[in-house]
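[1] sequence first, then the predicted structure:
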Amino acid sequence: MKIGVLSCNPKLYSTRRLIEAGTQRGHEMHVINTLRCYMNLAADKPSIHYKGADLVGYDAIIPRIGASITFYGTAVVRQFEMMGVYSINESVAISRSRDKLRSLQLLSRKGVGMPITGFAHSPDDVEDLIKMVGGAPLVIKLLEGTQGIGVVLAETKKAAESVIEAFMGLKANILVQEFIKEAGGADIRCLVVGGKVVAAMERRAQEGEFRSNLHRGGSATLIKITPKERSMAIRAAATLGLNVAGVDLLRSSRGPLIMEVNSSPGLEGIEAATSKNIASIIIELIENNAKPHKTRTKGKG
Ligand code: ADP
Ligand code: MG
């Protein structure tokens, strides 16, 4: 099959591994720079141009859309979908996952457990909002933050009030969440591919930090998850409609809680921690789901 990896940087570990795994499995692999795709929206024949030529003959794409280019990236994925090209994660599912509030609303509708979370617009409601999520300490998150940036722990009610008011003053959209102290700065990343948890790792924050993100200096180790954690991770990915997802769970005293679902999970940490060939599992999913030579652009006049 001819498979494109949508990525802005061919040197990134995840991009390299997907190209390598696809090549090993006998596919024609290409890195497509998402931001260099430009589109023709013609009704009869939607197309994508790339460095002066038409992008044709692709059977599938693997979107690796960075959070900073969600808007343009999902438009490119949508255009591929309009051309009949199979995308391992659909554009609408990627958009859902990028908005923390929208994701949590979808998960709550399906009864998936999560930390108590609140959302408000007016500074006049801050005091009651804090009360609603159980008071300080609490976590304040920018709705579109990622890699731990924009996630703040407020230890006291006073600190929480000032941080929330400051964000509101900047017109930043935030959510306010119960702090799961007993998680002890650790969380569990489950890699879900095609409705199965294919790998799981524990991420532990570095000393003096509560955010376990590897980008924030966290460290990863192999972990065995419980059947409940496994089924929650699978349900969370399915609820957002993601075939490939990094589902993050917190171990709380009342059981596992979903924290967030990522649509372009990094492969480096999880492959290193688990010694599993995740890139190959992702390519295998494409083999089982995309139909080769079925893209509608082929032979269409
Ligand atoms: P990001 O999208 O920036 O990764 P997250 O919501 O995943 O934002 O939060 C970053 C990290 O902060 C998590 O990996 C976790 O370690 C910690 N964290 C987030 N929310 C909570 C919470 N409610 N209780 C305890 N720790 C949290
Ligand atoms: Mg996270």
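    Perfect, thanks for sending it. Ligands and ions are numbered 1, 2, ... in the order given.
[2] assumed V139 was part of a strand.
    Yes. Judged by DSSP: H, G, I helix; E, B strand; the rest coil, V139 forms part of a strand.
[3] burial of it, as a residue count?
    21 (other Cβ atoms under 10 Å). No exception for glycine: its C-beta is placed from N, CA and C like everyone else's.
[4] which helix or which strand is home to the closest residue in space to it that isn't next to it in sequence?
    Using Cβ to Cβ, 6 or more residues apart in numbering and skipping the chain neighbours, the partner closest in space to V139 is Q177 (4.5 Å). Here Q177, judged by DSSP states H and E, is contained in strand 174-178.
[5] so what are the sheet partners of that strand and their directions?
    strand 117-118 (antiparallel), strand 138-142 (antiparallel) (DSSP bridges).
[6] okay, now the unreliable bits of this structure?
    Per-residue confidence for the chain (pLDDT under 70) gives these ranges: 296-301.
[7] can you list the domains in it?
    Listed domain ranges for the chain are 2-96, 117-179 (source: automatic domain parsing).
[8] still on that earlier bit, highest mean neighbour count out of the strands paired with strand 174-178?
    strand 138-142 (a mean of 21; mean count of other Cβ atoms under 10 Å).
[9] now find how far off-centre that strand is within its chain.
    Centroid displacement of strand 138-142 relative to its chain, using Cα atoms, centre = their mean, to the nearest Å, is 18 Å.
[10] got it, and stretch 3-15?
    Centroid displacement of stretch 3-15 relative to its chain, using Cα atoms, centre = their mean, is 16 Å.
[11] what residues of it count as buried?
    Using 16 or more other Cβ atoms under 10 Å as the burial criterion, the residues of stretch 3-15 that qualify are 3-8, 12, 14-15.
[12] who in the stretch 51-200 of the chain is up against ligand 1?
    Counting by Cβ under 6 Å from any ligand atom, the stretch 51-200 of the chain comes close to ligand 1 at 115, 139, 141, 145-149, 151, 177-180, 183, 187.
[13] can I get the buried part of the residues you listed as one ChimeraX selection?
    Selecting just the buried residues from these in ChimeraX takes one command, with 16+ other Cβ under 10 Å as the test:
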select :115,139,141,146,148,151,177,178,179,180,183,187
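[14] report the two of the residues of the stretch 51-200 of the chain next to ligand 1 separated the most.
    When these are compared pair by pair using Cβ to Cβ, the two farthest from each other are Q147 and E178, 21.8 Å apart.
[15] which bits of the stretch 201-301 of the chain sit near ligand 1?
    With the criterion set to Cβ under 6 Å from any ligand atom, the stretch 201-301 of the chain comes near ligand 1 through 205, 210-213, 248, 250, 259-260.
[16] switch to 5 Å and redo it
    Neighbours of ligand 1 within the stretch 201-301 of the chain, by Cβ under 5 Å from any ligand atom: 211-212, 260.
[17] who wins on neighbours among these?
    Most neighbours among those, by other Cβ under 10 Å: S212, with 26 neighbours.
[18] confirm that one sits in a helix?
    No. When classified by three-state DSSP, S212 is found to be coil rather than part of a helix.
[19] my read: it touches G218, true?
    Yes. At 4.2 Å, S212 counts as touching G218 under the criterion of Cβ atoms under 8 Å.
[20] who are the contact partners of A21?
    277, 279-280, 282-283 (Cβ atoms under 8 Å, 6 or more residues apart in numbering).
[21] closest to R235 among the residues you listed?
    I282 (20.2 Å).
[22] so who does the closest one touch?
    Residues in contact with I282, defined by Cβ under 8 Å, 6+ apart, are 18, 21, 62, 88, 193, 244.
[23] check P265 too.
    Contacts for P265 (Cβ under 8 Å, 6+ apart) come out as 189, 191, 244-246.
[24] could you tell me which of those residues are located in strands?
    Secondary structure assignment by DSSP state E places 189, 191, 244-246 of the contacts of P265 in strands.
[25] tell me which two in those are the farthest apart.
    Spatially, the most separated pair among those is R189 and V244, at 13.0 Å (Cβ to Cβ).
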